[in-house]
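> structure of the sequence below:
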Amino acid sequence: MKKLFLFIGIVFAGTMIACGPTTDDAIKHNDGIVADQKKLLEMENDFVNTIVDGDEIADIKKAYKEYNAFIEETLKKYEDMDEFDSNDTFRKAMLDLLKEFQDVANNEYKEMVDIYTMDAEDLTEDDFTRWEELAQIVEDKEGKANDSFLDKQKEFAKEYNFTLE
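Numbering: from 1, shown residues only. The predicted model follows:
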């Protein structure tokens, strides 16, 4: 009788292990996250280009609002998503990336929009200096967040034995 219970236990454990995510599941998970990451970067680029191109203030504010809304919606999506596996490495990496981009949007980009939308005659040398500081902060924060995201993606790919392209 003990041997029967032991055998059933081993079969059950083997079945549970076999039910874990496969490499194909991991690739699909990776591709979904990367698609959202690309959309994030595209939306940020669209927003930044409204400033670089000297668009109307209303268009800049609209692009900024849409960018923030996308971050918020995508953050909620990943917060509500089930864990991929017990480590949940890559979903957590996406959450960290989104939170950092949200922080930049709510702070540095908001301040940049405020400076950019000031009347030209009200701008001071301090405003121009601050703009340069903000641009560097954005580059540093987002660069670090992207590097961390890519490291976690590589870790995830290695764990599930697939090659990143």
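
> for whichever strand or helix holds residue 99, what is the average pLDDT?
Assigned by DSSP states H and E, residue 99 belongs to helix 89-104. Taken as a whole, helix 89-104 carries a mean pLDDT of 97.

> I'd like the next helix or strand past that helix.
The element immediately downstream of helix 89-104 (helix or strand, assigned by DSSP H and E) is helix 110-116.

> please point out which parts of that next one sit buried.
Using 16 or more other C-beta atoms under 10 Å as the test for burial, helix 110-116 gives 112-113, 115-116. For the C-beta atoms, the positions are set from N, CA and C on the backbone; glycine is no exception.

> show me what it is packed against.
Secondary-structure packing of helix 110-116 (3 or more C-beta pairs under 8 Å, 6 or more residues apart in numbering; DSSP states H and E): helix 23-52, helix 57-80, helix 125-159.

> these: which one's closest to residue 90?
With C-beta to C-beta as the criterion, residue 90 lies closest to helix 125-159 of the helices and strands packed on helix 110-116, at 4.1 Å.

> list the buried residues of the closest one.
Quick answer for helix 125-159 (16+ other C-beta under 10 Å): 134, 138, 141-142, 145, 149, 152-153, 156-157.

> can you state the direction angle for it and helix 89-104?
180 degrees (axes from the mean of the first three to the mean of the last three C-alpha atoms, to 10 degrees).

> where does the protein have its least confident helix or strand?
Least confident helix or strand, the chain: helix 2-18 with a mean of 47, by mean pLDDT, DSSP states H and E.
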